[in-house]
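Novice: Predicted structure and sequence below. I'll ask about it afterward.
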Protein chains: 2
Amino acid sequence: MADRLDQVFAALADPTRRAILTMLLEDDMAVTDVAQPFAISLAAVSRHLQVLAAAGLISQEQRGRVKWCKLEPDALREASVWMQAFGMMGPLDLDAFERFLDTELGAGADD
Amino acid sequence: MADRLDQVFAALADPTRRAILTMLLEDDMAVTDVAQPFAISLAAVSRHLQVLAAAGLISQEQRGRVKWCKLEPDALREASVWMQAFGMMGPLDLDAFERFLDTELGAGADD
DNA sequence: GGTATATTCAACCATCCGGTTGAGCGATCA
DNA sequence: TGATCGCTCAACCGGATGGTTGAATATACC
């Protein structure tokens, strides 16, 4: 019952999984091709991919006997926003920041 | 051995530690005060703080018999940059940030 | 049909993680 | 000096994690 942020950050905490995401940045890949550069077993890579999929960081689509893996950057967005909040704000008072948010959102900020 | 990114993401993967960081956003705190809202032992919180410090996310300064904990947002910046590399996400999604305020600050420290 | 390919499952192992409790230790204060 | 406070350490426990190997499943090819 891990929170979504728990899953995303935990998935990102492993260097193999980060490397996989980086590979998928270029193109969708089959499981076997994802596994190719790594010195671990195919089964291990398959489970890494399951972790990434559970966190929503990738999606997997079965086509024939090949399972294609696709990066899903939306899952990163939530975590990225969480982190940027700290980077931006630093130790400053939240009330002021909430007022800032109200004016920003109220002004119809559309991304 | 663990890469710095490994440590940062692993530290962020725990909801208690994220709640601690959120608390420290408002002000520096002593270990005992950090532990106060949580239903776990002081020793457990102390170790959470050590994990955060090892990841560089907080710094700790001993003053008398009290150890003060201070947020260090720079460590987050590195991880945030890593995520930015996946592109497609704007610098700050205000809607997502509003959800962050609701969930992390609202539900915050009482888990 | 039979064989090769793509992927997962299951069992197992070592290690890590988050929690506990109880002892220990330096700093403070009456 | 002795009691208390603030915090950490050490040992322990149960469950998760990351790796392995070997069997299983399903699809594709000849």
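Specialist: On my side now, so go ahead. Numbering: from 1, shown residues only, chains lettered A, B, ... in the order given.
Novice: So what's the residue count around the residue of chain A found nearest DNA strand D?
Specialist: For chain A, the residue positioned closest to DNA strand D under C-beta to the nearest atom of the strand is residue A:64, at a distance of 2.4 Å. For the C-beta atoms, the positions are set from N, CA and C on the backbone; glycine is no exception. Each residue near residue A:64 was counted by other C-beta atoms under 10 Å in any protein chain shown, and the total is 6.
Novice: Equivalent analysis for the one 4 residues further on, please.
Specialist: Neighbouring residues of residue A:68 were enumerated by other C-beta under 10 Å; the total is 17.
Novice: How about the contacts made by it?
Specialist: Contacts of residue A:68 were listed using C-beta atoms under 8 Å, 6 or more residues apart in numbering or on different chains, and they are A:28-30, A:60-62.
Novice: List phi and psi for it.
Specialist: When read as degrees, to the nearest 10, the backbone of residue A:68 gives phi -90, psi 140.
Novice: Quickly list what it is bridged to.
Specialist: Going by DSSP bridges, residue A:68 is paired in beta bridges with residue A:30, residue A:61.
Novice: If we go by neighbour counts, what in whichever helix in chain A runs longest is buried?
Specialist: Of all the elements of type helix in chain A, the one with the most residues (DSSP state H) is helix A:74-89. Under the neighbour-count criterion of 16 or more other C-beta atoms under 10 Å in any protein chain shown, helix A:74-89 has A:75-89 buried.
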